[in-house]
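Asker: below is the sequence, then the predicted model.
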Amino acid sequence: MSEITGSITTRDDLELFTRAWMPEDDPTRGMLIVHGLGEHSGRYAHVARFFVDRGYAVSTFDLRGHGRSDGTKVHVASFDDYLDDLQEVVESGVVRTDLSWVLYGHSLGGFISAYYLGEDRPHPNAAVLSAPPIAPKVPTMLGMAIQVLGRVAPKFAFPNPFDGEQLSRDEAVGDAYFADPLVYTKTTAGMALQTFFIAQSRALEVIGSISTPTLVIHGADDTLNLPSASAPLASVDSVERKVYPGLRHEMHNEPEQDQVLSEVATWLDSALT
C-alpha cells in the first residue's frame, strides 16, 4: 500500500492536509474518510489498509483546525465551513470520484457527512456513518456555557470531557490517543455552538433528504456519544442502522475491528452493485 500526501487550498486560503492510500493494482472503488473531533487522518491508516486490500483507493484529510491542516485549533466560524471544505476535497481530485465511491465519516466526521448527504452537493454512491451525533445529549450546564461563550468568546477552548477507556476496550488505543502530538484535546466554544446547537437545530430536517444508500453503525456501549444520538437516522428510507453489542465509540479500534470492517465491506459490496 502506497501513501501520497498533499494539500488543497480552501476558498478562504487555508491549507488542508490530505492523504491517499493506493492499492498495487488499479483501484476498483474510491473512498473518502472524514475523521472525528480533535483527531486527525493518520489515525485511520489501518482502516485505509483494510479497504485498500479490497481494491479501494482511500483518501482522507485533516479537518480545518485539526492535525496538520491550517486554522484555529478545533474551531469554525460556521458549521458550513466543514461542509464547504468537504465539497472542495471531493472536487479537488484527491478522491477517485471517477469510480463508484464511498463517504465514510466517524463521530463529528459522521455528522458532517450526514449533513453533506442531505444537502445539494456532489454525492457518493454509498456512505457509512460511524457513531454520528445527530441528536447528542449535551449536559445542561455545559450547554448553557457553550451558548453564552460561543457568542461572546467563540475561540475560548475547554477540555473535551472524556477518557481513553471510552474510545475502546483496548487500553492501548486510549494511551496512543492522548500521547499523539497531532491530537488536540480541547474544543472551542464557537465550534461547539455551531455544531451542537446551530447545525443541530436543523439536523433532523436535513437527514430526511438523504437519498444515498447509507449504513449507520454504532457501539451499544458508546458512552462518549450515546447510541440514541444516531437513532433518528434509522427512520430514513435510504438508511440501514446496526448497533454492535459491547462495543464502544471507536468500533474501528475495538478488538472486533476486523469483524466490524468486514461487515461494512460486505454491505458496500451489496450497495455498490
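Answerer: All right, it came through fine. Residues are numbered from 1 along each chain as shown.
Asker: so where's the longest helix in the protein?
Answerer: Secondary structure of the chain per DSSP state H: the longest helix is helix 257-271.
Asker: other SSEs contacting that helix?
Answerer: helix 45-52, strand 126-130, strand 214-219, strand 239-244 (3 or more Cβ pairs under 8 Å, 6 or more residues apart in numbering; DSSP states H and E). Glycine gets a C-beta too; all of them are placed from N, C-alpha and C.
Asker: how about the strands in the chain?
Answerer: 2-9, 15-22, 29-34, 56-61, 101-106, 126-130, 157-159, 186-188, 214-219, 239-244 (DSSP state E).
Asker: what is the third one packed up against?
Answerer: Read that as strand 29-34. The helices and strands touching strand 29-34, judged by 3+ Cβ pairs under 8 Å, 6+ apart, are helix 45-52, strand 56-61, helix 80-91, strand 101-106, helix 108-117.
Asker: so which of these comes closest to residue 164?
Answerer: strand 101-106 (16.4 Å; Cβ to Cβ).
Asker: so which elements touch that closest one?
Answerer: By 3+ Cβ pairs under 8 Å, 6+ apart, strand 101-106 packs against strand 29-34, helix 108-117, strand 126-130.
Asker: go again with 10 Å.
Answerer: Secondary-structure packing of strand 101-106 (3 or more Cβ pairs under 10 Å, 6 or more residues apart in numbering; DSSP states H and E): strand 29-34, helix 45-52, strand 56-61, helix 80-91, helix 108-117, strand 126-130, strand 214-219, helix 257-271.
Asker: quick one: residues in contact with the second one.
Answerer: Residues outside helix 45-52 that contact it (Cβ atoms under 10 Å, 6 or more residues apart in numbering) are 1-3, 19-24, 27, 29-31, 33, 35, 41-42, 44, 56-60, 102, 104, 106, 130, 252-253, 257-258, 260-262, 264-265, 268.
Asker: and residue 272, which of the strands of the chain is closest to it?
Answerer: When the strands of the chain are compared by Cβ to Cβ, strand 126-130 sits nearest residue 272, at 5.7 Å.
Asker: so what strands line up beside that closest one?
Answerer: strand 101-106 (parallel), strand 214-219 (parallel) (DSSP bridges).
Asker: avg pLDDT for that strand?
Answerer: Averaging pLDDT along strand 126-130 yields 98.
Asker: didn't residue 22 look like it was pressed against residue 53?
Answerer: No: look at residue 22 against residue 53 with Cβ atoms under 10 Å: they stay out of range, at 11.7 Å.
Asker: please enumerate the shared neighbours of the two.
Answerer: residue 1.
Asker: quick revisit: out of the helices and strands packed on helix 257-271, nearest to residue 168?
Answerer: Among these, if distance is taken as Cβ to Cβ, the winner is strand 214-219, at 9.2 Å.
Asker: between that closest one and helix 257-271, how big is the angle?
Answerer: Put simply, strand 214-219 runs at 160 degrees to helix 257-271, going by axes from the mean of the first three to the mean of the last three Cα atoms, to 10 degrees.
Asker: may I have strand 214-219 as CSV, with CA atoms only?
Answerer: Extracted C-alpha coordinates of strand 214-219, given in CSV (Å, rounded to 0.1, in the frame of the first residue of the first chain):
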residue,chain,number,x,y,z
THR,A,214,-26.2,4.7,3.8
LEU,A,215,-25.1,2.3,6.6
VAL,A,216,-25.0,3.7,10.1
ILE,A,217,-23.0,1.8,12.8
HIS,A,218,-22.9,2.5,16.5
GLY,A,219,-21.4,0.8,19.5
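Asker: distance of residue 86 relative to residue 63?
Answerer: From residue 86 across to residue 63, the span is 9 Å (Cβ to Cβ, to the nearest Å).
Asker: contacts only, for residue 40.
Answerer: Going by Cβ under 10 Å, 6+ apart, residue 40 touches 17, 19, 60-63, 66-69, 180-184.
Asker: and if you look at residue 254?
Answerer: Contacts of residue 254 by Cβ under 10 Å, 6+ apart are 167, 168, 169, 170, 173, 219, 221, 244, 246, 247, 248, 260.
Asker: touching, the fifth one and residue 251? I think so.
Answerer: I take that to be residue 173. No: taking contacts as Cβ under 10 Å, residue 173 lies outside contact range of residue 251: 11.2 Å.
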